[in-house]
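Asks: here are the coordinates; sequence isn't available:
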């Protein structure tokens with residue numbers, strides 16, 4: 001039986017959704033805690049490039065990323081030690097935004113939530129808290145840069 005063009009598009013879209021959900025999981029599974037705890041490395045650069053492209057290809061906009069990056073930069077400028085509450089509130093804001101958007105927003109939220117949790121998880125280790133926050137900012141900035149480089153609007 002021949003499929004009409006609507007059925008073909010629907011099947012193709014469903015197939016893309018399934019493969020994108022696999023990519024969502026891929027980015028969560030391949031995320032390395034050490035990028036936030038210790039330092040970014042060459043493996044991270046590849047990850048950021050792939051994740052930035054994924055977000056662009058799935059219509060996640062630069063303004064959606066910048067909404068959060070701007071807040072993170074504001075926290076950085078005021079000093080994370082004074083702005084811990086504002087930083088803590090990033091996670092619920094990400095969850096809310098992801099609930100209102102497509103699956104690429106959910107992937108972005110999942111990856112950034114994981115990175116955010118690593119910064120906050122070891123807050124009692126004050127010496128490393130600022131270092132982890134700085135790595136988080138650099139992590140975020142690299143994803144934004146690669147999204148933009150991939151043609152993100």
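Replies: The structure has been received and is ready for your questions. From a predicted model like this one, the values you see are computed outputs, not experimental measurements.

Asks: Mind checking which residue lies nearest the centre of the chain?
Replies: For the chain, residue 108 is the residue whose C-alpha lies nearest the centre (C-alpha atoms, centre = their mean; 3.5 Å).

Asks: can you list the weak-confidence ranges in this protein?
Replies: 1-24, 122-127 (pLDDT under 70).

Asks: if we can go back for a sec, contact partners of the helix or strand hosting the residue nearest to the centre of the chain?
Replies: For residue 108, the host element (DSSP states H and E) is helix 103-121. Contact with helix 103-121 is made by 17, 20-21, 23-24, 27-28, 31, 33, 35-37, 51, 54-55, 58-60, 64-65, 68, 87-88, 90-91, 94-95, 97-98, 129, 132-133, 136, 139-140, as judged by C-beta atoms under 8 Å, 6 or more residues apart in numbering. Every residue, glycine included, has its C-beta placed from N, CA and C.

Asks: What about the residues you listed, which are in helices?
Replies: Of the contacts of helix 103-121, the ones assigned to helices by DSSP state H are 17, 20-21, 23-24, 27-28, 35-37, 51, 54-55, 64-65, 68, 87-88, 90-91, 94-95, 97-98, 129, 132-133, 136, 139-140.

Asks: Turn the buried ones among these into a named ChimeraX selection, would you?
Replies: Buried residues among the ones in helices among the contacts of helix 103-121 (16 or more other C-beta atoms under 10 Å), as a ChimeraX selection:
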select :20,23,24,27,35,36,37,51,54,55,64,65,68,87,90,94,97,98,129,132,133,136,139,140
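
Asks: give me phi/psi at the closest residue to residue 138 other than its chain neighbours?
Replies: Of all residues not flanking residue 138 in the chain, residue 40 sits nearest, at 5.9 Å (C-beta to C-beta, 6 or more residues apart in numbering). The phi/psi pair for residue 40 (degrees, to the nearest 10) reads phi -80, psi 150.
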